[in-house]
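Chemist: A structural model of the following input is requested.
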Amino acid sequence: MAQLPTEIVPSVAPSEQSPASVAREFQRLVDSGVPIRAVGRAKSRPKLLLSRYGYVPKYKIELFDTRFYLAGPRQNPDLRFFIVYVVQKRGGREAIHPRLFYKDLSLIWRSSSHVIRTSDELWIGKGDVIDVSRGGFEYVESMEQTTDLPLEIQDALEVCNRKIRRVPEDEEAMVLILRNAPAGRVEPYSDFTGPRRAAAADPRNLINGGRRVARFKRKNDPTSLVFAKGFEPDFKRGLIERGLSKSSMYGGQLHRVRVLSKNKQVQYLMIAGPHQAWVIPPQALTTELSSYGVRTVDVLADEDLFVPGFEYHYMDDTVDPPELFTQIPKGYAGAPNEYDDSRADASAWLEKLSVIRALRRNL
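Modeler: Residues are numbered from 1 along each chain as shown. All right, here's what the predicted structure looks like:
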């Protein structure tokens, strides 16, 4: 494996082609024999995704050597998502990979790795995993940031998402597009992990030598945040771009700021609204994307740095007796969100982070 190239680029915009033009361009790919490598229930007859199910591309986004053809947005009771055809050429051969891109409540778009759908369970795969020890037990936990789509296309996905006001309901897409894994399988499959393992095999691709770029010196103390030297966000000289978006959940207008680290090895996206500001997990500047549309190189950091403005905090009544489930550091949960009472305000934690204070000053 060679060292991966890097590039600093502004956010890309969707193609200005009409939906009809995008659809015709994609159909020419299919007619020319470019294979559709579906992995879900549509695997045996993938062209039915276009003819029977109506997942015909309307929008196109291009980044590096990858084209993303997006059908119109869909939703189910849990997710807003796109069916996306990721088109890449590898080893001289082009292929089309149907994927499902969804919007997380931290307002980041992600690419699901798989799904577990049974009669009593629906869980969407959140990428690669890590083994952790807690309380004398061993656990497998998802590294959700491994499914984060490139920061460079986040704005374009938002633009496409806003183009349609009435978004149709769709509860079948998940199993058509994604592998339906057996109950309890947190780990993704090799087509997700393989490119990541290959990239990590060359030590030159490891950000900060595979060590965390940010950590807390003291548990449950937001003021103890420290960055590895050079990996601090550079608000003075590292601004790539800033923009605006809106969210009812977060109270209206949001500022979105993308900045480089001081050593120009990673990039950060931060979002600030009227009441909360938070940090999206940083990304490398590598140009290699997997067939899931995500980067193959990680940037590791303490996960408590990436608590979103509203995070899970509720009494879980599926166990007896009910117990508190929370992803907000102990003692920092605020009022529940008015749209989703399973999530609470995390601003008490966030506003004590040095990076958020710096963001506020520079906004």
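
Chemist: which parts of whatever helix or strand Phe192 lives in are buried?
Modeler: Using DSSP states H and E, Phe192 maps to helix 190-200. Buried residues in helix 190-200, counted by 16 or more other C-beta atoms under 10 Å: Asp191, Phe192, Thr193, Pro195, Arg196, Ala199. All C-beta atoms are positioned from the backbone trio N, CA, C, and that covers glycine.

Chemist: of the residues you listed, just say which sits nearest to Ile280.
Modeler: Arg196 (19.3 Å; C-beta to C-beta).

Chemist: coming back round to it: can you add pLDDT and distance to Thr223 and give the buried residues of helix 190-200 back as TSV?
Modeler: Converted to TSV, the buried residues of helix 190-200 look like this (pLDDT from 0 to 100; distance: C-beta to C-beta, whole Å):
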residue	pLDDT	distance to Thr223
Asp191	97	42
Phe192	98	37
Thr193	97	36
Pro195	97	38
Arg196	97	34
Ala199	97	35
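
Chemist: just the residues contacting stretch 31-40, thanks.
Modeler: Contact with stretch 31-40 is made by 30, 46-47, 49, 85, 87, 94-98, 174-180, 189, 191, 291, as judged by C-beta atoms under 8 Å, 6 or more residues apart in numbering.

Chemist: whoops, I mixed them up, stretch 12-28
Modeler: Taking C-beta under 8 Å, 6+ apart as the rule, stretch 12-28 contacts 50, 56-63, 69, 85, 152-153, 155-156, 159-160.

Chemist: are any of the residues you listed buried, and if so which?
Modeler: Using 16+ other C-beta under 10 Å, the buried members of these are 50, 56-61, 63, 69, 85, 152-153, 155-156, 160.

Chemist: now, which of these sits nearest Leu225?
Modeler: So of the buried ones among the contacts of stretch 12-28, ranked by how close each gets to Leu225 (C-beta to C-beta), first place is Glu152, at 26.0 Å.

Chemist: and the one helix or strand the closest one maps to, what does it pack against?
Modeler: Per DSSP H and E, Glu152 falls inside helix 151-161. Contacts defined by 3 or more C-beta pairs under 8 Å, 6 or more residues apart in numbering; DSSP states H and E place helix 151-161 against strand 59-63, strand 66-70, strand 80-90, strand 93-103, strand 109-111, strand 239-247, strand 266-272.

Chemist: what's the most buried one of those?
Modeler: strand 109-111 (a mean of 25; mean count of other C-beta atoms under 10 Å).

Chemist: give me the mean pLDDT for whatever helix or strand comes next after it.
Modeler: Following strand 109-111 in sequence order, the next helix or strand is strand 115-118 (DSSP H and E). Mean per-residue pLDDT for strand 115-118: 91.

Chemist: measure the closest residue to Met143 other than its chain neighbours to Phe325 for me?
Modeler: With sequence-adjacent residues excluded and distances taken as C-beta to C-beta, 6 or more residues apart in numbering, Met143 is closest to Asp128, at 5.0 Å. With distances defined as C-beta to C-beta, to the nearest Å, the gap from Asp128 to Phe325 amounts to 23 Å.

Chemist: list the buried residues in the longest helix anywhere in the chain.
Modeler: In the chain, ranked by residue count with DSSP state H as the criterion, the top helix is helix 19-31. For helix 19-31, the neighbour count (16+ other C-beta under 10 Å) marks Pro19, Val22, Ala23, Phe26, Leu29 as buried.

Chemist: output that helix as CSV, restricted to C-alpha atoms.
Modeler: Only the C-alpha atoms of helix 19-31 are listed here, as CSV (Å, rounded to 0.1, in the frame of the first residue of the first chain):
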residue,chain,number,x,y,z
PRO,A,19,-32.7,15.7,-12.9
ALA,A,20,-33.5,14.4,-16.4
SER,A,21,-30.0,14.9,-17.6
VAL,A,22,-28.5,13.2,-14.5
ALA,A,23,-30.9,10.2,-15.0
ARG,A,24,-29.9,9.9,-18.7
GLU,A,25,-26.2,10.0,-17.9
PHE,A,26,-26.6,7.3,-15.3
GLN,A,27,-28.6,5.1,-17.6
ARG,A,28,-25.9,5.4,-20.2
LEU,A,29,-23.5,3.9,-17.6
VAL,A,30,-25.8,1.0,-17.0
ASP,A,31,-26.5,0.4,-20.7
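
Chemist: quick one: low-confidence ranges for the protein?
Modeler: 1 (pLDDT under 70).

Chemist: can you give me the distance of the residue lying farthest from the centre of it to Gln327?
Modeler: Farthest-out residue of the chain from its mean C-alpha position, per C-alpha atoms, centre = their mean: Pro321, at 34.0 Å. As for Pro321, its distance to Gln327 is 21 Å (criterion: C-beta to C-beta).

Chemist: okay, and the beta partners of the residue nearest in space to the middle of the chain?
Modeler: Central residue of the chain (C-alpha atoms, centre = their mean): Asp148, 2.2 Å from the mean position. With DSSP bridges as the criterion, Asp148 is bridged to Arg110.

Chemist: and it, how far from Pro282?
Modeler: From Asp148 to Pro282 the distance is 10 Å (C-beta to C-beta).

Chemist: likewise for Tyr102?
Modeler: 21 Å.

Chemist: one more: Leu178?
Modeler: 26 Å.

Chemist: likewise Lys43?
Modeler: 35 Å.
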